[in-house]
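> give me coordinates for this.
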Amino acid sequence: MLILNTNVIILKKNQWKESSYIFQALSQSEGLISIIAQGVKKNKGQSENFQLYNELDLELSKSDSSSFFKVKSINDILNSALSLTYEHFLMMEACTELLFNISVPYEDYDELYKLVNNYIYYLKNIKKNYSLYILKFYNSILQLIGHPLCNLFCDYCHKQKDNYTICYENHHLICNECSSQNQLKTISINPLLLHMCKNIDNFWTIINDNRFVIVLQSEITMLLQVLLKRSLQNNYEFKTINQFDNIK
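Numbering: from 1, shown residues only. Sure thing, here's the model as predicted:
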């Protein structure tokens, strides 16, 4: 029987039997884990402790034959998500969707946890440009596992260029020269977004540029989808970030 004390962030929550829940959580020491909290629905106070995106210090147990941890006790409630708005919950859903679509080495669990925890702490202050902050967060997570999101290069000539568009047919990133040579139908990318991607390390300075008020959320999410497919090398369509298209 394994006994574990660890900090966790609740990412998903599903009812199990009549009075219990199964949670998917990010553990600081174990990465993504599944947790059974038995009988918590009978206790309103205890149930509220397990709200989505709360950070908890838990004592857990797990038998050798089980893939689930069980809650033995709550040592502390470290952070509560009660003050999050609808937009902030969407930002956390976007975070969760990425975490469940990547593989993180064991030695990076602690750094991953810190990145997610800092993201939750800071997003409470975000009131605009939500997708830009997601772009920054995604890049930090993917950089951790060696697949930086904002590594821009042309999918045709594989060279880094100053200007890019998106190929209408296959949504590849393509430089202006290759686009012209191949007579491709393309979708323009806002120059401000390209500037942000190329200078992502200076994000906290650039984000205060008032010109970003004219950048549409749909422009950001389209570029995000293109960069994600290339970084993760699959055609998975991230659903949550598309929900920001109608948010100002």
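> ok, Ile77 to Leu152 distance?
Separation of Ile77 from Leu152 (C-beta to C-beta, to the nearest Å) stands at 42 Å. C-betas here are computed from N, CA, C, even on glycine.
> with neighbour numbers in mind, choose between these two.
Shown here are Ile77 and Leu152; by other C-beta atoms under 10 Å, Leu152 has more neighbours (19 against 14).
> just to be sure, the more buried one is in a strand?
No: secondary structure of Leu152 (DSSP: H, G, I helix; E, B strand; the rest coil): coil, not part of a strand.
> just use 7 as the starting number from now, easier for me
Right, with 7 as the first residue, what we last looked at is Leu158.
> phi first, then psi, for it.
When quoted as degrees, to the nearest 10, the phi and psi of Leu158 stand at phi -90, psi 130.
> pretty sure it contacts Asp168?
No: using C-beta atoms under 8 Å, Leu158 is not in contact with Asp168; the gap is 9.8 Å.
> by residue count, which strand of the protein is the longest?
Counting by DSSP state E, the longest strand found in the chain is strand 8-22.
> pLDDT on that strand, on average?
Throughout strand 8-22, pLDDT has a mean value of 92.
> same question for stretch 96-115.
If you average the pLDDT over stretch 96-115, you get 95.
> endpoints of it, how far apart?
23 Å (C-alpha to C-alpha, to the nearest Å).
> ditto for stretch 188-206
The first-to-last residue distance of stretch 188-206 comes to 30 Å (C-alpha to C-alpha).
> ranges for the strands of the protein?
Counting by DSSP E, the strands of the chain are 8-22, 26-33, 37-43, 61-68, 75-85, 170-173, 179-181, 192-194.
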